[in-house]
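A.B. asks: Below: sequence and its predicted model.
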2 protein chains.
Amino acid sequence: MALEHAILVSLLEKPGSGYELARRFERSIGYFWTATHQQIYRVLKRMEGDGWIDVREVPQQGRPDKKEYSVAAVGRAALSGWLHEPIEPESVRHDLAVKIRGAAFDDPAALIREVERHHQEHADRLAHYLAGELRDFTGPDAPRTPDAGRELQHAVLRGGIAYERMMLAWLDDVLATLHRLRP
Amino acid sequence: MALEHAILVSLLEKPGSGYELARRFERSIGYFWTATHQQIYRVLKRMEGDGWIDVREVPQQGRPDKKEYSVAAVGRAALSGWLHEPIEPESVRHDLAVKIRGAAFDDPAALIREVERHHQEHADRLAHYLAGELRDFTGPDAPRTPDAGRELQHAVLRGGIAYERMMLAWLDDVLATLHRLRP
DNA sequence: AGGGCCATGTAACTCGTTACATGATTCC
DNA sequence: GGAATCATGTAACGAGTTACATGGCCCT
């Protein structure tokens, strides 16, 4: 539902091709929304058909030509409309929680490795976000000029950081529980 | 991908009908997985066809008859297999984060109401989880006998609690940011 | 008489994932 | 020579959402 809106926001921040959008969804946008290039190309087609975005063919040397998309007036209006209508808080989906409750009917100790893997993955993500924060917001090379857009991006990033820290603490808790259950 | 496994876990904890499963997915299971009754009935059909679960028609008085499902040996094996294969940590999806970044191209102050609504909703969920924790795990009426299944359920619930607390703190942060950006 | 709960489902649609496909350039 | 990056897509399938449908019981 919100993929088209996420694309609009990203294109407003900076116009770009489907490929570039896919890369952004792997990086900065990735900590609150994910999408593959297949999905993105499909949605871009539809958005173009609906007049939400404009395309510009950009010939390039040494690499394939690309289509650069930018937000049209209709798209901006669509985004504004969406921003003003209320949405429901997301419901969470945690495969791992299903596994943890399922472990009661299997071998709980066998889950330890899996939980440790997840712990590592979240630690990596946290490190990545913290590096980004230092680079773009709190480090010495970060811009000092006040900018609403940057402030809001930073607030979202802080959300990603808080999420990863919470997950790490909880996974520690789960690991302790699993160890306690061992014979 | 994990809905069928979530159903298996729930049916192992206690057999029940599609309707009862739907209710559980609104309550206890709801803090790590959601599903509507339409989805559940569809998947139950498939699982029954695959021999994962057994059905028993239960005639009732004063209410419609129901089909009580329980996990068959094949289903137990399927769950065990799934528990032993690694899964990737979930990627997050946050509509609200899209909105916050989008607010830079609209009126940031208009988002305050929306963020406050989400704050309220998460506060409600937290209160609900804490009440459940007191009732089932930490209160005076909670069972005292050591039980691996209960320990694991409690660990998952602590995850839900940690998540809601994190969200509340982050939404406070976002609100402060939005107020700071006001003229 | 009307609303809510119990109980089961079908149908249509959108969204997301996985696999397949192509082709040039750059770097090691 | 082979892998990685840039760049765009199609096709098939599985998962999730929304709307519609039925019908009896219980309570006010």
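C.D. replies: Nice, I can see it. Residues are numbered from 1 along each chain as shown, chains lettered A, B, ... in the order given.
A.B. asks: quick one: average pLDDT of the lengthiest helix in chain A?
C.D. replies: Selection of the longest helix in chain A by residue count, based on DSSP state H, yields helix A:148-180. The average pLDDT for helix A:148-180 rounds to 97.
A.B. asks: is that helix anywhere near chain B?
C.D. replies: Yes: legend: contact between helix A:148-180 and chain B by CB under 8 Å from any CB of the partner chain is shown at A:148-149, A:151-156, A:158-160, A:162-163, A:165-166, A:169-170, A:173-174, A:177, A:180. Just so you know, the C-beta spots here come from the backbone N, C-alpha and C atoms, and that holds for glycine as well.
A.B. asks: Domain boundaries for chain A, per the record?
C.D. replies: Residue ranges for each domain of chain A read A:1-84, A:95-181, as given by the TED database.
A.B. asks: Throw these into a markdown table and include mean neighbour count and distance to DNA strand C, thanks.
C.D. replies: Converted to a markdown table, the domains of chain A look like this (neighbours: other CB atoms under 10 Å in any protein chain shown; distance: least, CB to the nearest atom of the strand, whole Å):
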| stretch | mean neighbour count | distance to DNA strand C |
| --- | --- | --- |
| domain A:1-84 | 17 | 3 |
| domain A:95-181 | 17 | 12 |
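A.B. asks: Out of those domains, which gets nearest to residue B:18?
C.D. replies: Nearest of those to residue B:18, taken as CB to CB: domain A:95-181 at 18.3 Å.
A.B. asks: Would you mind measuring the gap between the ends of that closest one?
C.D. replies: Distance between the two ends of domain A:95-181: 21 Å, counting by CA to CA, to the nearest Å.
A.B. asks: At the geometric centre of chain A, which residue do we find?
C.D. replies: residue A:30 (2.3 Å; CA atoms, centre = their mean).
A.B. asks: who's in contact with the nearest residue to residue A:35 once chain neighbours are set aside?
C.D. replies: Excluding the flanking residues, the one nearest residue A:35 by CB to CB, 6 or more residues apart in numbering or on different chains is residue A:25, at 4.7 Å. For residue A:25, the contacting residues are A:6, A:10, A:33-36, A:40, by CB atoms under 8 Å, 6 or more residues apart in numbering or on different chains.
A.B. asks: wait, which of those residues is closest to residue A:109?
C.D. replies: residue A:34 (31.8 Å).
A.B. asks: now the closest one: how far from chain B?
C.D. replies: Per CB to the nearest CB, to the nearest Å, residue A:34 is found 4 Å from chain B.
A.B. asks: Over to residue A:60?
C.D. replies: When residue A:60 is compared with chain B (using CB to the nearest CB), they lie 28 Å apart.
A.B. asks: Test my guess that that residue contacts residue A:19.
C.D. replies: No: with contact defined as CB atoms under 8 Å, residue A:60 does not reach residue A:19; the gap is 11.4 Å.
A.B. asks: so what sits against both of the two?
C.D. replies: Common neighbours of residue A:60 and residue A:19 (CB under 8 Å, 6+ apart) are residue A:66.
A.B. asks: quick one, what contacts residue A:96?
C.D. replies: With CB under 8 Å, 6+ apart, residue A:96 has these contacts: A:114-115, A:118, B:87, B:89-90.
A.B. asks: do that again at 7 Å, thanks
C.D. replies: residue A:118 (CB atoms under 7 Å, 6 or more residues apart in numbering or on different chains).
A.B. asks: now the strand or helix carrying it, how far from the centre of its chain.
C.D. replies: Per DSSP states H and E, residue A:96 falls inside helix A:95-102. Distance of helix A:95-102 from the chain centroid (CA atoms, centre = their mean, to the nearest Å) equals 23 Å.
A.B. asks: re earlier: remind me what the longest helix of chain A packs against, helices and strands.
C.D. replies: For helix A:148-180, the elements it packs on are helix A:111-133, helix B:95-102, helix B:148-180, judged by 3 or more CB pairs under 7 Å, 6 or more residues apart in numbering or on different chains; DSSP states H and E.
A.B. asks: Rebuild those as a markdown table, extending it with distance to residue B:140.
C.D. replies: Output for the helices and strands packed on helix A:148-180, formatted as a markdown table (distance: least, CB to CB, whole Å):
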| stretch | distance to residue B:140 |
| --- | --- |
| helix A:111-133 | 31 |
| helix B:95-102 | 38 |
| helix B:148-180 | 16 |
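A.B. asks: can you list the weak-confidence ranges in chain A?
C.D. replies: A:1 (pLDDT under 70).
A.B. asks: for DNA strand D, what are the nearby residues on it?
C.D. replies: When proximity is defined by CB under 7 Å from any atom of the strand, chain A lies next to DNA strand D at A:17-20, A:22-23, A:37-38, A:41-42, A:44-45, A:60, A:63-67, A:93.
A.B. asks: which ones are touching residue A:167?
C.D. replies: residue A:122.
A.B. asks: same check, this time on residue A:149
C.D. replies: Taking CB under 7 Å, 6+ apart, we find residue A:149 in contact with residue B:104.
A.B. asks: ok, 10 Å please
C.D. replies: A:12-13, B:101, B:103-105, B:108 (CB atoms under 10 Å, 6 or more residues apart in numbering or on different chains).
A.B. asks: outside of the one helix or strand residue A:75 maps to, which residues touch it?
C.D. replies: In the assignment (DSSP H and E), residue A:75 maps to helix A:73-84. Applying CB under 10 Å, 6+ apart, the contact partners of helix A:73-84 are A:1-2, A:4-5, A:7-9, A:11-12, A:47-48, A:50-54, A:69, A:71-72, B:95, B:98-100, B:102-103, B:105-108, B:110-111, B:113-114.
A.B. asks: Kindly report the same for stretch A:134-144.
C.D. replies: A:28, A:130-133, A:150-151, A:153-154, A:157-158.
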